[in-house]
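any chance you can model this:
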Amino acid sequence: MHPKTPLLFAISLGALFLTGCGTRSISNSDYDAAYGSGRYGKVAGNYAGELSELDVIGASLDAGTSETEIQNALRDHAPARLGRTSKVLLIQSGADFPDSPMLEALSARFAVAGFSGKPVRGSATGPDYARALRLVAARGGYDKIVYYWGVLESERKNKITSVVSWVPIVGQVIPDEREHMRIRLKAVIVDVASGKWALLAPPPSSDSSLSTVVSRRSVDQDLVHGLKAQGYRDLSRLLAEQYTE
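Predicted coordinates for the structure are as follows:
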């Protein structure tokens, strides 16, 4: 047996089980964000993180909370709902502007305007931040704010499933890897007048596709765009069907 045979066998066998995983925000969804260098991939130049749910609903972990406040909230627990005549300020966490497919999907049912969802360093958080955004919406004539978040989870599996070869035979134009991806979204509706809120989330959407060495990035981004479009349609439909007065 050639002295290099065991090494080649081990390398080829290892390729059978080669996988890769990645998680990224819908606001930082390029290829490198999931599969770039470093443990968590690369961050887009204008991406500065996400809004906190506690900030947008006006809660603060630093402020004291009494049992009386909890009981009063339970007695008046009607959630925020979109009405057929609602004017909505739409905010995508982490983005300068909501993604166009989400804006278009919600605009088909309501009067909608997009607003920045980028965290501002050194700005107020918690109740102050939430009240400031409610004031911004009120001055613009918007009675509801819809915040939404999303993550893309992906896994890549090597597709070399035939008998192990002694030497590599997969070329750059032979489909050799399948990427599985899903999108998970959630949204919060905030009533501008009262500050009441409601949380909702559609079921995750998923898809997969084969790729070659030279098509990894384009296949990945096609999956991203397709899943975003589907997820946004599902989310806007849920907002309209389950939360419309």
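
go through stretch 81-95 and flag the buried ones.
By neighbour count with 16 or more other CB atoms under 10 Å, stretch 81-95 contains the buried residues 81-82, 86-95. (Each C-beta comes from the backbone N, C-alpha and C, glycine too.)

those helices in the protein, which residues are they?
5-16, 31-35, 53-57, 67-75, 100-107, 127-139, 216-242 (DSSP state H).

now mean pLDDT and distance to residue 147 too, for those helices, in CSV please.
Shown next, in CSV, are these (pLDDT from 0 to 100; distance: least, CB to CB, whole Å):
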stretch, mean pLDDT, distance to residue 147
helix 5-16, 43, 43
helix 31-35, 80, 21
helix 53-57, 88, 5
helix 67-75, 70, 20
helix 100-107, 95, 12
helix 127-139, 91, 9
helix 216-242, 93, 12
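
just send these back as TSV, with mean neighbour count and distance to residue 153 too.
Output for the helices of the chain, formatted as TSV (neighbours: other CB atoms under 10 Å; distance: least, CB to CB, whole Å):
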stretch	mean neighbour count	distance to residue 153
helix 5-16	12	23
helix 31-35	20	9
helix 53-57	18	19
helix 67-75	9	34
helix 100-107	19	19
helix 127-139	16	28
helix 216-242	18	10
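
would CSV of those with distance to residue 117 be doable?
Formatted as CSV, these follow (distance: least, CB to CB, whole Å):
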stretch, distance to residue 117
helix 5-16, 41
helix 31-35, 17
helix 53-57, 9
helix 67-75, 26
helix 100-107, 11
helix 127-139, 10
helix 216-242, 15
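
contacts only, for the closest residue to residue 149 other than its chain neighbours.
Nearest residue to residue 149, sequence neighbours excluded (CB to CB, 6 or more residues apart in numbering): residue 93, at 4.5 Å. Counting by CB atoms under 8 Å, 6 or more residues apart in numbering, residue 93 touches 25, 27, 50-51, 117, 147-149.

and what of residue 88?
Residue 88 touches 82, 106, 110-113, 142, 144-146, counting by CB under 8 Å, 6+ apart.

are any of the residues you listed buried, and which?
82, 106, 110, 112, 142, 144-146.

and which of those is nearest residue 134?
Closest approach to residue 134 among the buried ones among the contacts of residue 88 (CB to CB): residue 145, at 7.0 Å.

identify the residues contacting the residue nearest the centre of the chain.
Ranked by distance to the mean C-alpha position of the chain (CA atoms, centre = their mean), the top residue is residue 150 at 1.8 Å. Listed by CB under 8 Å, 6+ apart, the contact partners of residue 150 are 25-26, 183-186, 228, 231.

rewinding a little: going by distance to residue 208, which of the buried ones among the contacts of residue 88 wins?
residue 106 (27.6 Å).

and the gap between the nearest residue in space to residue 91 that is not next to it in sequence and residue 204?
Spatial nearest neighbour of residue 91, excluding adjacent residues (CB to CB, 6+ apart): residue 117 at 4.3 Å. Residue 117 sits 21 Å away from residue 204, going by CB to CB, to the nearest Å.

more neighbours: the two, which one.
Neighbour count, other CB atoms under 10 Å: between residue 117 and residue 204, residue 117 has more, with 21 against 14.

quick check on the closest residue to residue 191 other than its chain neighbours: phi, psi?
Spatial nearest neighbour of residue 191, chain neighbours left out: residue 80 (3.9 Å); criterion: CB to CB, 6+ apart. For residue 80, the backbone dihedrals (degrees, to the nearest 10) come out as phi -70, psi 140.
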